[in-house]
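Student: sequence first, predicted coordinates after that:
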Amino acid sequence: MKAVIIYHSYSGITRGVSEKVHEAVGGDIVEVKPVKNYSKLSAYTTGCMRARKGECDLIESETIDVSDADVIVIGTPVWAFRATPAVNAAVEALFGCSEKPAVIFATCGGKEGETLTKLSEALSKKGVIVKKQIVFNKDDVEDESKINELITAIKSAGGI
């Protein structure tokens, strides 16, 4: 069984969780990067406004083919209680994802708001079946039991 881990990370926190998951379950790992990077100021102004509206960034990959994956994992930081514009674009770029199970997670300093609900809805429109949603607050990202919860959910969803 094969996992594909797709994530965007602005500060490195979501990357850290994604890399721990990748070490545990293997498969492919895809870091989604916007063509135009945000500065600290524009991330909290333009980026958050775009996230709140559910908009997409132009990302480096036009398509993300997950045809050979058994489970899709998507990680996002929380910007204005939503997924980042880069993750929104990654969902739009998914190819070969219909009827695939997914586990999604968000990293946040405070509250996640509608992040995972909206991300789950967007994935459902692509035919993806979200099996589990997990939120990591600033303390959870170093909590091995919380990381293990995510890893267990991925293995369960993908039959790994």
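Tutor: Yes, it's here.

Student: tell me the helices in this structure, going along the chain?
Tutor: Ranges of helices in the chain, per DSSP state H, are 13-25, 40-42, 48-52, 85-93, 115-125, 144-158.

Student: reformat those helices as a markdown table; add mean pLDDT and distance to Val4.
Tutor: No exception for glycine: its C-beta is placed from N, CA and C like everyone else's. As requested, the helices of the chain are exported to a markdown table (pLDDT from 0 to 100; distance: least, CB to CB, whole Å):
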| stretch | mean pLDDT | distance to Val4 |
| --- | --- | --- |
| helix 13-25 | 97 | 10 |
| helix 40-42 | 92 | 29 |
| helix 48-52 | 95 | 23 |
| helix 85-93 | 98 | 11 |
| helix 115-125 | 98 | 13 |
| helix 144-158 | 94 | 10 |
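
Student: what's the distance between the residue nearest to Val135 when sequence neighbours are not counted and Ala157?
Tutor: Excluding the flanking residues, the one nearest Val135 by CB to CB, 6 or more residues apart in numbering is Glu112, at 4.6 Å. Between Glu112 and Ala157 the computed distance is 20 Å (CB to CB, to the nearest Å).

Student: just Ser124 next, same as before
Tutor: 15 Å.

Student: and the two? Which one has more around it.
Tutor: Applying other CB atoms under 10 Å to Ser124 and Ala157 shows that Ala157 carries more neighbours, namely 22 against 12.

Student: how about that one, what does it touch?
Tutor: Val71, Pro101, Ala102, Val103, Lys131, Lys132 (CB atoms under 8 Å, 6 or more residues apart in numbering).
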